[in-house]
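A.B. asks: model the following, please.
(one chain, ligands or ions: 2)
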Amino acid sequence: MEKTFIMVKPDGVQRNLVGDIVSRFEKKGFKLAGAKLMQIPNALAEEHYGEHKEKPFFGELVEFITSGPVFAMVWEGENVIATARQMMGQTKPSEAMPGTIRGDFGLTVGKNVVHGSDSPDSAEREINLFFNQDELV
Ligand code: ATP
Ligand code: MG
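C.D. replies: Ligands and ions are numbered 1, 2, ... in the order given. This next block holds a predicted model:
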């Protein structure tokens, strides 16, 4: 079954949004396959966001994602990669529709509450970056 990597970013954890975000995926019908609260080491942050290495906001991005604990998850289900992206909403919260996670909870593009893999390749890459096989059910 298809799997994706979803992460509540430090702003979401700090604002006590973990429960609401988990609940949305549960209610949708997806199955939780792994989860942990963790502090991301610098090297992992740089690897995770490797595709943005040349972007002007890369330093800020790594600094933010390592600024406090994140809640990392693997969710499983039919079409979960694309559906989770729809449930998250647009990257810029100002463009995210009400009813989406970023539309309901986000204000700025930097602190946009949640991360989700954007393709089957990135899902596989990110799940393996953040989880060992024995941490998944
Ligand atoms: P994510 O990868 O976090 O799920 P995304 O796939 O919607 O988000 P990306 O283009 O991969 O968006 O950008 C990764 C993250 O970098 C965004 O979530 C956002 O926090 C940050 N970001 C993107 N564009 C900008 C920008 N112009 N200025 C500051 N931060 C940005
Ligand atoms: Mg992305």
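A.B. asks: tell me if I'm right that P93 and G103 touch.
C.D. replies: Yes. Using C-beta atoms under 8 Å, P93 is in contact with G103, at 6.8 Å. C-beta coordinates here come from the backbone N, C-alpha and C atoms, glycine included.
A.B. asks: who has more neighbours, these two?
C.D. replies: Per other C-beta atoms under 10 Å, whichever of P93 and G103 has more neighbours is P93, with 21 against 16.
A.B. asks: surely H48 touches L129?
C.D. replies: Yes. H48 lies in contact with L129 (C-beta under 8 Å); the separation is 5.9 Å.
A.B. asks: so for these two, which sits in the more crowded spot?
C.D. replies: Per other C-beta under 10 Å, whichever of H48 and L129 has more neighbours is H48, with 21 against 15.
A.B. asks: ok, the more buried one to ligand 1 distance?
C.D. replies: Here H48 is placed at a distance of 9 Å from ligand 1 (C-beta to the nearest ligand atom, to the nearest Å).
A.B. asks: who's in contact with that residue?
C.D. replies: H48 is in contact with 40, 65, 126, 129-130, counting by C-beta atoms under 8 Å, 6 or more residues apart in numbering.
A.B. asks: filter those residues by proximity to ligand 1?
C.D. replies: Counting by C-beta under 6 Å from any ligand atom, the subset of the contacts of H48 that neighbours ligand 1 is empty.
A.B. asks: and the buried ones among those residues, selectable in PyMOL?
C.D. replies: Here is the PyMOL command that picks out the buried ones among the contacts of H48, judged by 16 or more other C-beta atoms under 10 Å:
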select buried, resi 40+65+126+130
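A.B. asks: same list (the contacts of H48) but as a markdown table, adding secondary structure.
C.D. replies: Shown next, in a markdown table, are the contacts of H48 (DSSP: H, G, I helix; E, B strand; the rest coil):
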| residue | secondary structure |
| --- | --- |
| I40 | coil |
| I65 | helix |
| E126 | helix |
| L129 | helix |
| F130 | helix |
